[in-house]
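Quick one: sequence plus predicted model below, questions after.
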Amino acid sequence: MRHWLAYSLLLILLLASCRGTKVVTGSETANKALQAKEIIATHNQASPNFKTMAGRIKVQYEDEKQSQSITVSLRMQKDEKIWIKASLLGITLAKIMMTPETVQYYETISNTYFDGDFALISDWLGTDVDFKRTQAILLGQTMFDLDRSNYTSDVINNQYRLLPKRQFENFIHSLFLNPDNFKVASASVTQPRDNRELRVNYGPYQQVEGRYFPSEVLINTMEGNSITKVEVTYRKIDLDVELSFPFDIPSGYEQIQLSR
């Protein structure tokens, strides 16, 4: 896959969340009497509130051709900036900077860079994404726009399952929430026409200063006969700390045009 490192990092940004220090074991029983609108409202309220966030992440990437393990630094200024740096043995491999208007990244392996927006990223990944959605998923929130009147709910294996009342022909999705904290337990998207599937499973949730975050995320993507796995483990998370967001595309790098 071309530009695998940038692809996997963007995938992590779309689907990963954060690790804390105190393991929270779920003991609540799902309430079958809750309606979809109540479940969705509680899930929205579960999004943590903070100004800045910094984390250290271990990422294991695997496809048919290669397997790579890298360390990723994540920094966020809520509603304004998302910044990540991928390193191996202390050497910077790639950086990504996202704002509500722009997406930029560069790779030192290939001496290439991208400077564009979310419309191009959405076309490349094959799913709609913007800054708000990316930020929400980093916080263990859903990747879908949940309209309370357009979803149904039931209880499967002690988790709340949310399904749209009407599935699109080439975008079939489902969402499972934990009953104790109403954070995402798993999500899936299938695009039959394109023979493409995405599945995400979140590990046990943690508490950081009284706020809930997952500890690990397992991402599986399938497109035709191609399978990609990304395993994300958060090692450290700090909230409301002083942060900088250094990002300069090195001179002499070649600009790339994303294509599927």
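Sure, I can see it. Computed from a predicted model, the values in this text were never measured in an experiment.

Every contact and neighbour count from this point should use C-alpha atoms.
Fine.

Mind listing the strands the top strand by length along the chain pairs with, and their directions?
Of all segments of type strand in the chain, defined using DSSP state E, the longest is strand 226-239. Counting by DSSP bridges, the strands paired with strand 226-239 are strand 52-62 (antiparallel), strand 216-223 (antiparallel).

Pick out the shakiest of those, pLDDT-wise.
Ranked by mean pLDDT, these end with strand 216-223 at the bottom, a mean of 82.

sorry, back to before: return the distance of the longest strand of the chain from the chain's centre.
How far strand 226-239 lies from its chain's middle: 9 Å, per CA atoms, centre = their mean, to the nearest Å.

Only the buried residues of that strand, if you could.
Residues 228-239 are the ones in strand 226-239 that count as buried (16 or more other CA atoms under 10 Å).

rewinding a little: save the strands paired with strand 226-239 as a markdown table, and put in distance to residue 134 and mean neighbour count too.
Listed next are these as a markdown table, based on distance: least, CA to CA, whole Å; neighbours: other CA atoms under 10 Å:
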| stretch | distance to residue 134 | mean neighbour count |
| --- | --- | --- |
| strand 52-62 | 14 | 19 |
| strand 216-223 | 15 | 19 |
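
can you list those in CSV and add distance to residue 170?
What follows is the strands paired with strand 226-239, written out as CSV (distance: least, CA to CA, whole Å):
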stretch, distance to residue 170
strand 52-62, 26
strand 216-223, 14
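
Could you point out which of these sits nearest residue 200?
strand 216-223 (4.7 Å; CA to CA).

could I get the closest one in PDB with only the CA atoms?
The C-alpha trace of strand 216-223 is given here as PDB (Å, rounded to 0.1, in the frame of the first residue of the first chain):
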ATOM      1  CA  GLU A 216      -6.500  -0.200  23.500                       C
ATOM      2  CA  VAL A 217      -8.100  -0.300  20.100                       C
ATOM      3  CA  LEU A 218      -8.000  -3.100  17.500                       C
ATOM      4  CA  ILE A 219      -8.800  -2.000  13.900                       C
ATOM      5  CA  ASN A 220      -9.400  -4.400  11.000                       C
ATOM      6  CA  THR A 221     -10.000  -3.200   7.400                       C
ATOM      7  CA  MET A 222     -10.700  -5.500   4.500                       C
ATOM      8  CA  GLU A 223     -10.800  -4.400   0.900                       C
END
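
begin at 26 from here
Sure, I'll start numbering at 26, so the last one becomes strand 241-248.

chain center to that strand: distance?
10 Å.

Helices of this protein, residue ranges please.
29-40, 61-70, 143-150, 156-163 (DSSP state H).

Lowest mean pLDDT across those, which one is that?
helix 29-40 (a mean of 51).

OK, contacts around the residue nearest to residue 93 when sequence neighbours are not counted?
Take residue 93 and drop its neighbours on the chain: the residue closest to it by CA to CA, 6 or more residues apart in numbering is residue 86, 5.1 Å away. Going by CA atoms under 8 Å, 6 or more residues apart in numbering, residue 86 touches 33, 92-94, 253-256.

buried ones in stretch 108-119?
Quick answer for stretch 108-119 (16+ other CA under 10 Å): 108-112, 118-119.

Give me the subset of the residues you listed that lies in strands.
Those of the buried residues of stretch 108-119 lying in strands (DSSP E): 108-112, 118-119.

just the contacts of residue 86 now: which is nearest residue 208?
Closest approach between these and residue 208, by CA to CA: residue 256, at 18.8 Å.

so what's residue 222 scoring on pLDDT?
The score at residue 222 is 85. That number is its pLDDT.

Nearest spatial neighbour of it, chain-adjacent residues omitted?
Nearest to residue 222 is residue 215, by CA to CA, 6+ apart, at 4.4 Å.

Can you get me a residue count around that neighbour?
Residues lying near residue 215 (other CA atoms under 10 Å) number 19.

shouldn't it be in contact with residue 193?
No. Between residue 215 and residue 193 there is no contact under CA atoms under 8 Å: 10.2 Å.

Quick check: residue 76 vs residue 272, distance?
Distance from residue 76 to residue 272, counting by CA to CA, to the nearest Å: 20 Å.
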